[in-house]
Structure formats: structure tokens, C-alpha cells
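Trainee: Sequence plus predicted model, see below.
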Amino acid sequence: MNDMKASNLSFRYKNGDKLILKDISVDIPAGEFVCLLGQSGCGKSTFLRLLAGLEEPTFGTIEMNGEPIKGAGLDRGVVFQDYGLFPWMTAGDNIMLALKKRFKDKSKKELKKIAMDSLASVGLKEEVFGMLPKSLSGGMKQRCAIATAFGIDPPVLLMDEPFGALDAVTRAKLQDLVLELWAKQEKRKTVFFVTHDVDEALLLANRILVFGQSPSNIIYDCKVPDEERPTRETQFDDSKVLERRNTLIKFINGDIASHIS
């Protein structure tokens, strides 16, 4: 199991005097697809960095499998908005670099096979393996980043607004791709997906955590039963989905109004 747990978690940057996150406590069972939803600047990405081990809590704890998270690890894959590809390396070499760290006992031939399979799984052709990032579109770069994350096969996947810079059509295709890759696995990964888009959260998640304004806490925890999860065809027609959408917007806008006043 790869349960994640935050207990009384607070965070401020070392040279800062203002808390970014305050007293967050939440349990995430293994296999959930969790969207971290809230306005820009409310601390969602900071919480993700704490899960990744790229930052340390100021107060409280954050654990995986009952053990405190101490630093980054290959048990947590990360997909950033800026793709995370080294521009001087081909797409294939970028993927291979991560695979070498994950599968140290495999030969170069075996690693290349995993890389090629990973590219195919995200709908990219073989020739992409030898192309530099500057030759790829934004959508192709993000597919490479997703291929890398799924290729190292971590039980936990952390995604920080990965589709925020993409056009609407490419964004929709990659949303469907990630959801398909997650859903078809025998042992589903635990996914944390940062977004400020309510509709994106409703489409992807079976659990939505709404973050309030800084110093941020979880102001609403929304669990979505499997039988009530929308599809792209039903997300704007299903009355339960629309009701849930309105509730999420109400909590976000209510929190903003309380801070303004």
C-alpha cells in the first residue's frame, strides 16, 4: 500500500515570516486520483512539492506508508508544467536518464525497450525517441514527460498543472490519456493533480481537495463515487455533476469573499 498522510502540516519558506500552508491534516488511501483545487497562489503547488520531498514541513509531518517523507525518491514521479526535459538531450535520452536510475540492473537494450513502449503508450511514434525537445510541440513534450513518469512506474504520481500551457484540444486529449493510463492499471497509482480549473478537477478526480487562500488549509474535501464520475459527454448535463460543480465554486468564491472583506 502507498497511503499518504499529512498531519498538522504547516509550511513557510526558510527566509519568510508568512505561513503558506497551515494545519493541514488529510489521509489519502492508495489508488485515489486527487485533484488539488484552488485559486492561483493558494499553496497547491507548495503542498505538491512537500509530497515530492522537494520541501520540508515547518511544522507537522507528511508520510508515505507510515514513514516520514525525506527528500525526493523514485517512488514518486513528478510531471511539471514546463515539461522537465533537458533541451540538449533527445526525448529518448531524457526518458532513458530516468529509467537508468530506476532500473539499475537492466541493460541499455532493455531500457530502450521500456522507453519505446512508454512513448507508444502516450501515442508518440518511434522517431520521437531521437528528436530534441525544440523540435516537439508543447503537447508532444508533455506526452514525453508523462511517458517518463509512467515509465519509471512509481506508485505515486505528482502532477503540477501539467496542461495549463496547452491549447484546449491538446489539453482535452492529454486529460483523457492520463485518465486512461491510470484507470487501466491493475494497481492504480495514487495521483495528485494540481489545477485551478473546476471542470478539469471534476473530469479527472475521484477526490477533490479545495485549498483556501494563504495561509492555506483544506476548506472542502469532495469524494466522488465511481458511479457518479462524469465523462466528457456528461459533465455538463448530469444534474449531480452540476450540483457538485456549483458546490466547489461556492466554496472557492466564499473563501475569496471572506478574505476580501
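Mentor: Received the coordinates, thanks.

Trainee: Kindly list the main-chain dihedrals of the residue nearest to residue 181 when sequence neighbours are not counted?
Mentor: Once flanking residues are discounted, residue 181 sits nearest to residue 150: 5.9 Å by C-beta to C-beta, 6 or more residues apart in numbering. C-betas here are computed from N, CA, C, even on glycine. Note on residue 150: backbone dihedrals following degrees, to the nearest 10 are phi -80, psi -30.

Trainee: residues contacting residue 150?
Mentor: The contact partners of residue 150, taken as C-beta atoms under 8 Å, 6 or more residues apart in numbering, are 77, 118, 121, 122, 157, 181.

Trainee: out of those, which are inside strands?
Mentor: Counted as lying in strands by DSSP state E, out of the contacts of residue 150, are 77, 157.

Trainee: Closest to residue 253 out of the contacts of residue 150?
Mentor: Of all these, residue 157 has the smallest distance to residue 253: 29.7 Å, by C-beta to C-beta.

Trainee: separation between the closest one and residue 5?
Mentor: 17 Å (C-beta to C-beta, to the nearest Å).

Trainee: Which phi and psi values does residue 59 adopt?
Mentor: Note on residue 59: backbone dihedrals following degrees, to the nearest 10 are phi -140, psi 160.

Trainee: Count the neighbours of it for me.
Mentor: Using other C-beta atoms under 10 Å, residue 59 is surrounded by 14 other residues.

Trainee: Same check on the one 4 residues further on?
Mentor: For residue 63, the count of nearby residues is 14 (other C-beta under 10 Å).

Trainee: my guess is it meets residue 5, correct?
Mentor: Yes. Residue 63 lies in contact with residue 5 (C-beta atoms under 8 Å); the separation is 4.7 Å.

Trainee: show me where the stretch 101-250 of the chain has strands.
Mentor: Shown for the stretch 101-250 of the chain, the strands assigned by DSSP state E, counting those that start in this stretch span residues 156-160, 190-195, 207-211, 218-223.

Trainee: Mind putting the ones you listed into TSV with mean neighbour count, mean pLDDT and distance to residue 242?
Mentor: As requested, the strands of the stretch 101-250 of the chain are arranged in TSV below (neighbours: other C-beta atoms under 10 Å; pLDDT from 0 to 100; distance: least, C-beta to C-beta, whole Å):
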stretch	mean neighbour count	mean pLDDT	distance to residue 242
strand 156-160	23	93	26
strand 190-195	25	94	19
strand 207-211	23	96	15
strand 218-223	16	94	14
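
Trainee: Need those strands in CSV (columns: distance to residue 240).
Mentor: Below are these laid out as CSV (distance: least, C-beta to C-beta, whole Å):
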stretch, distance to residue 240
strand 156-160, 26
strand 190-195, 20
strand 207-211, 14
strand 218-223, 12
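
Trainee: looking at those strands, which is closest to residue 37?
Mentor: Nearest of the strands of the stretch 101-250 of the chain to residue 37, taken as C-beta to C-beta: strand 207-211 at 5.1 Å.

Trainee: got the angle between that closest one and strand 218-223?
Mentor: Here the directions of strand 207-211 and strand 218-223 differ by 170 degrees (axes from the mean of the first three to the mean of the last three C-alpha atoms, to 10 degrees).

Trainee: one step back: to residue 251, which of the strands of the stretch 101-250 of the chain lies closest?
Mentor: Residue 251 lies closest to strand 218-223 among the strands of the stretch 101-250 of the chain, at 4.4 Å (C-beta to C-beta).

Trainee: Quick one: distance of that closest one to the chain centre.
Mentor: Chain-centre distance of strand 218-223: 17 Å, with C-alpha atoms, centre = their mean, to the nearest Å.

Trainee: counting contacts, what elements does it pack onto?
Mentor: strand 21-28, strand 207-211, helix 239-260 (3 or more C-beta pairs under 8 Å, 6 or more residues apart in numbering; DSSP states H and E).

Trainee: Of these, flag the one that's most buried.
Mentor: When the helices and strands packed on strand 218-223 are scored by mean count of other C-beta atoms under 10 Å, the highest mean neighbour count falls to strand 207-211 (a mean of 23).
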